[in-house]
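Student: Predicted model follows, preceded by the sequence.
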Amino acid sequence: MSSVSEGRFRGSSVPLLTPPPRFATLLTDDGVPVEAVYVPCTAGSGAPGGGAVGALAATPAATSAATPAIVVAHGFTGAADRPAVRRAARVFAQRAAVITFSFRGHGRSGGRSTVGDREVLDLAAAVAWARQLGHTRVVTVGFSMGGSVVLRHGALYTAAPLAGGPESAAGDTPVRVPEREGRIRRTGAHSDAVVSVSAPARWYYRGTAPMRRLHWVVTRPSGRLVGRYGFRTRIATEEWDPVPLSPVASVPLIAPAPLLLVHGDRDPYFPLDHPRMLAEAAGPGGAELWLERGMGHAENAADDALLARIADWATATPPA
């Protein structure tokens, strides 16, 4: 996976006094172009000597190595330029560098959405880009569908050698293996900590009216038309084969990386048995669970105070 081109797409609301954002098109392991935006950490940008001029004078490696990076994985029908995603990036950037991107089938990225399956490759491309920019600590933060993707990514990508597992080739060449046969080891594509917000615990859940509507959008031709023209989301027609590792099955494989689960008690999509099931699967001490009073679903419901707490957790947790 690599950055194949760079250039601006849609204008950013980042103030001129902060370091400028960087735009790129990333190429996933299966050849899908993914739009991405990098925003340097804005902490201290307004202080003397800490503005854009000072940031631009330093080399990227020098400014990035000591700064954590947060990679944001949006929910279904979201995109890098959606207001809720940009707001999350703005809050996170006060404490860390931030990469936002559009999953396949969303925004200006290519391909079609597989609703949480192949999207793990999109996230891996964004994490690898963060490390290419010089960041030695990368934390993934996912919302809803993105929350399930960061869990699977945390389970499937690891920096440590795996006993009996696939061996990496030289450099940054990936080795793809079916999920049922083991985890994936790829240099630079792993996360050091994982935050999953408003994620499902299991696939094919239809227990709420919003999830029944979502299944109609994903599985019916008329629904996919609504997704394409109403929500700017292009959805694949193929069924999962094989069915990807479920979120609840992924959670035990994330350790030793720290895991934070965040869920609202007024989530209309996934009731509280979902985060509790995930936390239980992590085992004693395997995950921290925040049940947020009055919160609804995903990035649209996460206020600035919660986003700041998430960023504090992500930047304070020591590497595994």
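Tutor: Thanks, I have it.
Student: Mind jotting down where the strands sit in this protein?
Tutor: Here the chain has its strands, by DSSP state E, at 2-6, 22-27, 33-39, 69-73, 97-101, 138-143, 157-158, 184-185, 193-197, 259-264, 288-292.
Student: To what extent is residue 120 buried, counted in neighbours?
Tutor: 29 (other C-beta atoms under 10 Å). C-beta coordinates here come from the backbone N, C-alpha and C atoms, glycine included.
Student: Surely it is in contact with residue 156?
Tutor: Yes - with contact defined as C-beta atoms under 8 Å, residue 120 counts as touching residue 156 (6.4 Å).
Student: how about the helices in this protein?
Tutor: Counting by DSSP state H, one finds helices in the chain at the ranges 52-57, 60-64, 83-92, 119-132, 145-156, 209-219, 221-230, 247-250, 273-282, 298-301, 304-316.
Student: still on that earlier bit, out of the strands of the chain, which comes closest to residue 271?
Tutor: Nearest of these to residue 271, taken as C-beta to C-beta: strand 259-264 at 9.2 Å.
Student: rewinding a little: which of the helices of the chain is buried the deepest?
Tutor: Neighbour counts (mean count of other C-beta atoms under 10 Å) averaged over each of these peak at helix 145-156, with a mean of 29.
Student: Run through the neighbouring helices and strands of it.
Tutor: Applying 3 or more C-beta pairs under 8 Å, 6 or more residues apart in numbering; DSSP states H and E, we find helix 145-156 packed against strand 69-73, helix 119-132, strand 138-143, strand 193-197, helix 247-250.
Student: Let me have the ones you listed in a markdown table, adding mean pLDDT as columns.
Tutor: Below are the helices and strands packed on helix 145-156 laid out as a markdown table (pLDDT from 0 to 100):
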| stretch | mean pLDDT |
| --- | --- |
| strand 69-73 | 98 |
| helix 119-132 | 96 |
| strand 138-143 | 98 |
| strand 193-197 | 98 |
| helix 247-250 | 97 |
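Student: Out of those, flag the one nearest residue 26.
Tutor: Nearest of those (C-beta to C-beta): helix 119-132, 4.3 Å.
Student: For that closest one, which helices and strands make contact with it?
Tutor: Applying 3+ C-beta pairs under 8 Å, 6+ apart, one finds that helix 119-132 makes contact with strand 22-27, strand 33-39, strand 69-73, strand 97-101, strand 138-143, helix 145-156.
Student: give me the low-pLDDT residue ranges for the stretch 201-320 of the chain?
Tutor: Scanning the stretch 201-320 of the chain for pLDDT under 70 picks out the ranges 317-320.
Student: quick revisit: and the helices and strands packed on helix 145-156: which comes nearest residue 23?
Tutor: Shortest distance between residue 23 and these, using C-beta to C-beta, is found for helix 119-132: 11.5 Å.
Student: Please enumerate residues in contact with that closest one?
Tutor: Residues outside helix 119-132 that contact it (C-beta atoms under 8 Å, 6 or more residues apart in numbering): 1, 3, 24, 26-30, 32, 34, 36, 38, 69, 71, 73, 97, 99, 101, 103-104, 109, 113, 138, 140, 142, 145-146, 149-150, 152-153, 156-157, 172, 186, 188-191, 244.
Student: Quick check on those: which are buried?
Tutor: Using 16 or more other C-beta atoms under 10 Å as the burial test, those include 1, 3, 24, 26-29, 32, 34, 36, 38, 69, 71, 73, 97, 99, 101, 103-104, 109, 113, 138, 140, 142, 145-146, 149-150, 152-153, 156-157, 186, 188-191, 244 as buried.
Student: Tell me who's in contact with the closest residue to residue 252 other than its chain neighbours.
Tutor: Distance criterion C-beta to C-beta, 6 or more residues apart in numbering; nearest residue to residue 252, sequence neighbours excluded, is residue 281 at 5.7 Å. Contacts for residue 281 (C-beta under 8 Å, 6+ apart) come out as 201, 248, 249, 251, 252.
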